[in-house]
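1. Structure, please.
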Amino acid sequence: MNMAAEQSDIDEKESELKSDGDIVDVDQIDEDDGPPLEESSEFALKMINSVKSMNSGQLSHYEMVNAFTQANELKCLFMFVQALPHRPVTPMYPEAPFLFFKGVALPKAYDVTEEIVADIETFMKGKNSEYFKDLHLHDLEPYYLDAYESAVRIYNDMVEKTRDTYLANVKQAKSQVIEISAALVCGLFVILALVGLS
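-> You can find the predicted model right below:
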């Protein structure tokens, strides 16, 4: 019974490794396919979280760049930083409280400026200028190209959601200002009318 079960397992594994009628060498799969896609998405998240930490002031741009050590990682990070939208959330309401109204905080995690991007590029080129000379997207290996595309897509989705949340908070804050201001004006008219009657 055990021999039959083992044989069926072996047959299943062989059928999984067949490609167009040929059996594929397992060693060849490991060498040719490169890192699995799960790892490329993890690397994409690492780039995103590093940029967010830098924007929030938890890391300097030097520390953010130094978190990546391999040449391919640095090339991918370089291209990702160039693709970041500059100041994607425009301030539309005071951040600090005024009178008895609360402010609305501007999201800092995505607040990348052109100056910061230029500083990062200068620092990276200063460290390893040969990596970034005439660098284009098609120069990235498939694993890092996939990570780059995932990172850009995820980052832009996060920016869009953050912008929507910020705009909703601003709208709510403005409506509160209007409502309270209208109530105060009405109260003032009532007081003036009572004073005029007396």
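2. Please compute how far stretch 191-198 lies from its chain's middle.
-> 59 Å (C-alpha atoms, centre = their mean, to the nearest Å).
3. got the CA positions of that stretch in CSV?
-> The C-alpha trace of stretch 191-198 is given here as CSV (Å, rounded to 0.1, in the frame of the first residue of the first chain):
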residue,chain,number,x,y,z
ILE,A,191,-29.2,88.9,21.4
LEU,A,192,-29.3,92.2,19.4
ALA,A,193,-33.1,91.8,18.9
LEU,A,194,-33.7,91.2,22.6
VAL,A,195,-31.6,94.2,23.5
GLY,A,196,-33.6,96.3,21.0
LEU,A,197,-36.9,95.2,22.5
SER,A,198,-35.9,96.0,26.0
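4. element containing Ala118?
-> helix 114-127 (DSSP states H and E).
5. elements contacting that helix?
-> helix 61-66, helix 71-83, helix 129-132 (3 or more C-beta pairs under 8 Å, 6 or more residues apart in numbering; DSSP states H and E). (C-beta placed from N, C-alpha, C; glycine too.)
6. between those helices, which one is nearest to Val195?
-> Comparing these by their distance to Val195 (C-beta to C-beta), the top pick is helix 61-66, with 61.8 Å.
7. What's the mean pLDDT across that closest one?
-> On average, the pLDDT along helix 61-66 is 90.
8. Dump it to PDB, keeping only the CA atoms.
-> In PDB, the C-alpha atoms belonging to helix 61-66 read as follows (Å, rounded to 0.1, in the frame of the first residue of the first chain):
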ATOM      1  CA  HIS A  61      17.400  60.100   2.900                       C
ATOM      2  CA  TYR A  62      21.000  58.800   3.600                       C
ATOM      3  CA  GLU A  63      19.700  56.100   5.900                       C
ATOM      4  CA  MET A  64      16.900  55.200   3.500                       C
ATOM      5  CA  VAL A  65      19.300  54.700   0.700                       C
ATOM      6  CA  ASN A  66      21.800  52.800   2.900                       C
END
